[in-house]
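Trainee: Sequence plus the predicted model coming up.
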Amino acid sequence: MAPIHLIDGTRGERLPVKPVYGSPCNGCGWCCATQACGVALEHIPDHPTEGTCQALERAGGRFVCGMIRRPGHYMRLPHDWADEVMGGMIAEALGAGRGCDAEI
Ligand code: SF4
Ligand code: SF4
């Protein structure tokens, strides 16, 4: 497994180890810290093609997808009224809640 990149916001907490593929997601953040997904690359303006996703957030002791929580913020929209609808669509597209999809 490749080393995880340093992520701000952990406050020195010991992070959970990535579970095996298909196991329930434990919010370890490994997937999004190592490479931003297609949603980020396509919808976040000027997102670098390699490296940690700019929308990776930490909340409640786990890493969460900022594009699900508040996509308008990362897409630099002038309002947030569509966040709930867009976030739901993004969650569906990402397969959120279907287990760890990082194959290593
Ligand atoms: S999908 Fe897997 S690698 Fe990504 S945060 Fe969840 S458990 Fe970690
Ligand atoms: S958009 Fe969400 S799922 Fe995709 S890499 Fe960023 S934080 Fe992870």
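Mentor: Okay, I see it. This structure is a prediction, so every number in the text was calculated from the model and none was measured. Ligands and ions are numbered 1, 2, ... in the order given.

Trainee: Would you quantify the distance from the residue most central in space within the chain to residue 38?
Mentor: When Cα atoms, centre = their mean is applied to the chain, the residue found nearest the centroid is residue 65 (3.4 Å). As judged by Cβ to Cβ, to the nearest Å, residue 65 and residue 38 stand 13 Å apart. Just so you know, the C-beta spots here come from the backbone N, C-alpha and C atoms, and that holds for glycine as well.

Trainee: returning to what we had before: the residue nearest to the centre of the chain and residue 29 touch, don't they?
Mentor: No - if you go by Cβ atoms under 8 Å, residue 65 and residue 29 don't touch, sitting 9.8 Å apart.

Trainee: Need the residues touching each of these two.
Mentor: Residues touching both residue 65 and residue 29 (Cβ atoms under 8 Å, 6 or more residues apart in numbering): residue 56.

Trainee: Remind me what the longest helix anywhere in the chain packs against, helices and strands.
Mentor: Counting by DSSP state H, the longest helix found in the chain is helix 83-94. When contacts are defined as 3 or more Cβ pairs under 8 Å, 6 or more residues apart in numbering; DSSP states H and E, helix 83-94 sits against helix 38-43, strand 62-65, helix 66-69, helix 71-74.
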